[in-house]
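Kindly generate the corresponding structure for this input.
(one chain, ligands or ions: 1)
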Amino acid sequence: MLPMSFEQLQTAFALSSRLIESKTFHDLNVALITILNEIDTINDVSSYEILGNRAEAGSDVEPLIRKFPLSLDENFTDEYHSVVKYVYKEGTSGVGKHVIGNQAFISIYVNKDEPPEKLVLIQGEVSDYHYEIVKGLASIYEHQINLFDVKERDLLTKLHNRQTFVTTLEQVLNFYRGMAPSGKGSFMAILDIDHFKQVNDKFGHMQGDEVLIHFANLMRKSFRHADFLFRYGGEEFVVIINQTDKTAALALLDSFRLSVKQFSFPSGHITVSIGVTEVNPYTPIPTMIEIADEALYLAKHNGRDRIEVLNRSTKSVVDNDIEFF
Ligand SMILES: Nc1nc2c(ncn2[C@@H]2O[C@H](COP(=O)(O)OP(=O)(O)OP(=O)(O)O)[C@@H](O)[C@H]2O)c(=O)[nH]1
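Numbering: from 1, shown residues only. Reported below is the predicted structural model:
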């Protein structure tokens with residue numbers, strides 16, 4: 001560690017406070033990118049999430065790379081794509097320096113081998129003093145990410161929790177706002193285990209918990225890396241299926257419904273009812289949740305173990321004759 005002057009220490013302290021004050025993963029990334037961009041010799045800073053289980057997928061399988069702020073495409077690339085892939089294959093956890101082509105990079109690699117892996121890529125060269133600053137910021141960044149994981153995930157299933165659902169959906173809406181319609185959209189589905197109370201009543205709460213864990217694992221297996229999975233509460237889960245059309249989204253949901261039906265849970269067989277709505281960037285989030293909930297209610301009402309789709313609330317038509325969307 002290089003000796004620092006009092007002013008340098010003060011600067012380092014002020015920079016770390018900006019990271020510590022972040023309340024969400026989103027704010028944390030914005031803060032880190034802004035701080036790093038203030039260093040004169042840094043040309044560019046990008047942040048990525050890398051998904052895909054190395055152990056399961058094997059080393060030849062391409063990971064899914066998601067850029068911050070949210071890119072929803074399965075096949076996203078940017079000018080640093082090959083550098084990200086290189087660091088994914090060769091890089092080590094923490095802070096590292098690389099020269100690729102004739103460009104110098106610094107990587108901050110967090111949660112390597114534990115998807116979603118987080119990678120911040122800094123293009124440019126820095127002085128020894130600034131490199132020490134980057135290392136200090138990286139360790140706070142890592143620490144904060146681990147804290148947010150506890151705050152933003154459900155402890156039982158490790159899926160993202162209800163609070164994260166709202167902030168993620170806001171980002172999905174931002175992604176589509178102002179974008180010309182492309183024929184591809186996102187779909188929000190509420191997945192609710194049928195007669196779950198009976199599982200608890202017959203087998204006890206612990207077995208009920210086991211069922212919830214298996215259910216979440218089936219979600220991870222059935223949906224794509226580009227989709228977002230949440231435990232919404234109790235025996236209710238949510239998936240946001242991204243950048244696809246209605247036929248493909250429904251096919252994905254139906255294959256999930258079947259995999260639940262066929263799976264041998266510790267308590268025997270269960271089924272799931274699913275309510276779906278298309279994500280509309282101009283519909284308020286509570287309304288969208290209400291519509292998906294109504295669709296779920298229909299699925300339950302129409303016999304369970306089925307999917308129902310609604311794209312506008314039947315309530316809003318009754319409450320207000322002129323509201324159509
Ligand atoms: N084991 C366990 N049970 C939970 C948890 N959270 C909620 N539950 C139970 O989930 C059950 C939900 O029951 P209901 O809302 O009546 O719904 P249901 O029996 O699934 O019936 P339908 O949804 O109408 O098909 C209740 O018995 C809750 O106690 C949890 O974390 N663990």
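
Enumerate the residues of the stretch 101-250 of the chain near the ligand.
By the rule C-beta under 6 Å from any ligand atom, the part of the stretch 101-250 of the chain lying against the ligand is 192-197, 200, 205, 208-209, 212, 234-235. C-betas here are computed from N, CA, C, even on glycine.

can you tell me which of the residues you listed are in helices?
When DSSP state H defines the helices, the subset of these inside them is 196, 197, 200, 205, 208, 209, 212.

burial measure for residue 187, as a count.
Residue 187: 23 surrounding residues under other C-beta atoms under 10 Å.

sorry, back to before: got a quick ChimeraX command for the buried subset of the residues of the stretch 101-250 of the chain next to the ligand?
Only the buried entries of those go into this ChimeraX selection, using 16 or more other C-beta atoms under 10 Å:
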select :192,193,194,196,200,208,212,235
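
Include pLDDT when you put the ones in helices among the residues of the stretch 101-250 of the chain next to the ligand into a markdown table, please.
Output for these, formatted as a markdown table (pLDDT from 0 to 100):
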| residue | pLDDT |
| --- | --- |
| 196 | 97 |
| 197 | 96 |
| 200 | 95 |
| 205 | 95 |
| 208 | 96 |
| 209 | 96 |
| 212 | 97 |
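
Of all residues in the stretch 101-250 of the chain, which one is closest to the ligand?
Going by C-beta to the nearest ligand atom, the ligand is nearest to residue 208 of the stretch 101-250 of the chain, at 2.6 Å.

so what's that residue up against?
By C-beta atoms under 8 Å, 6 or more residues apart in numbering, residue 208 lies in contact with 196, 199, 200, 267.

The second one and residue 206 touch, don't they?
Spelled out, it's residue 199. No: assessed by C-beta atoms under 8 Å, residue 199 is found out of contact with residue 206, at 10.9 Å.

What are the boundaries of the helices in the stretch 1-150 of the chain?
Here the stretch 1-150 of the chain has its helices, by DSSP state H, counting those that start in this stretch, at 6-20, 25-37, 54-57, 81-90, 128-152.

Quickly name whichever of the contacts of residue 208 is closest to residue 27.
Nearest to residue 27 among these is residue 196, at 35.4 Å by C-beta to C-beta.

Identify the residue nearest that closest one in space, chain neighbours excluded?
In space, residue 196 comes closest to residue 235 once its chain neighbours are excluded; the distance is 4.0 Å by C-beta to C-beta, 6 or more residues apart in numbering.

May I ask which two of the ones in helices among the residues of the stretch 101-250 of the chain next to the ligand are separated the most?
For these, the maximum inter-member distance is 13.9 Å, found between 197 and 209 (C-beta to C-beta).

Okay, and the beta partners of residue 189?
Assessed by DSSP bridges, residue 189 has beta-bridge partners residue 239, residue 276.

That one - how many residues pack around it?
The local packing of residue 189 (other C-beta under 10 Å) involves 25 other residues.

Tell me which residues touch it, please.
Residue 189 makes contacts with 238, 239, 241, 249, 253, 274, 275, 276, 292, 307, as judged by C-beta under 8 Å, 6+ apart.

What average pLDDT does stretch 238-246 get?
For stretch 238-246, mean pLDDT is 95.

again, but for stretch 307-319
Throughout stretch 307-319, pLDDT has a mean value of 73.

returning to that earlier point: and the helices of the stretch 1-150 of the chain, which is most packed in?
Comparing these by mean neighbour count (mean count of other C-beta atoms under 10 Å), helix 25-37 ranks first with a mean of 19.

one step back: wait, isn't the residue nearest to residue 196 in contact with residue 191?
No: taking C-beta under 8 Å as the definition, residue 235 is not a contact partner of residue 191, at 9.1 Å.

what about the strands in the stretch 151-300 of the chain?
Taking DSSP state E, counting those that start in this stretch as the test, the strands found in the stretch 151-300 of the chain are 185-193, 228-233, 236-244, 272-278.
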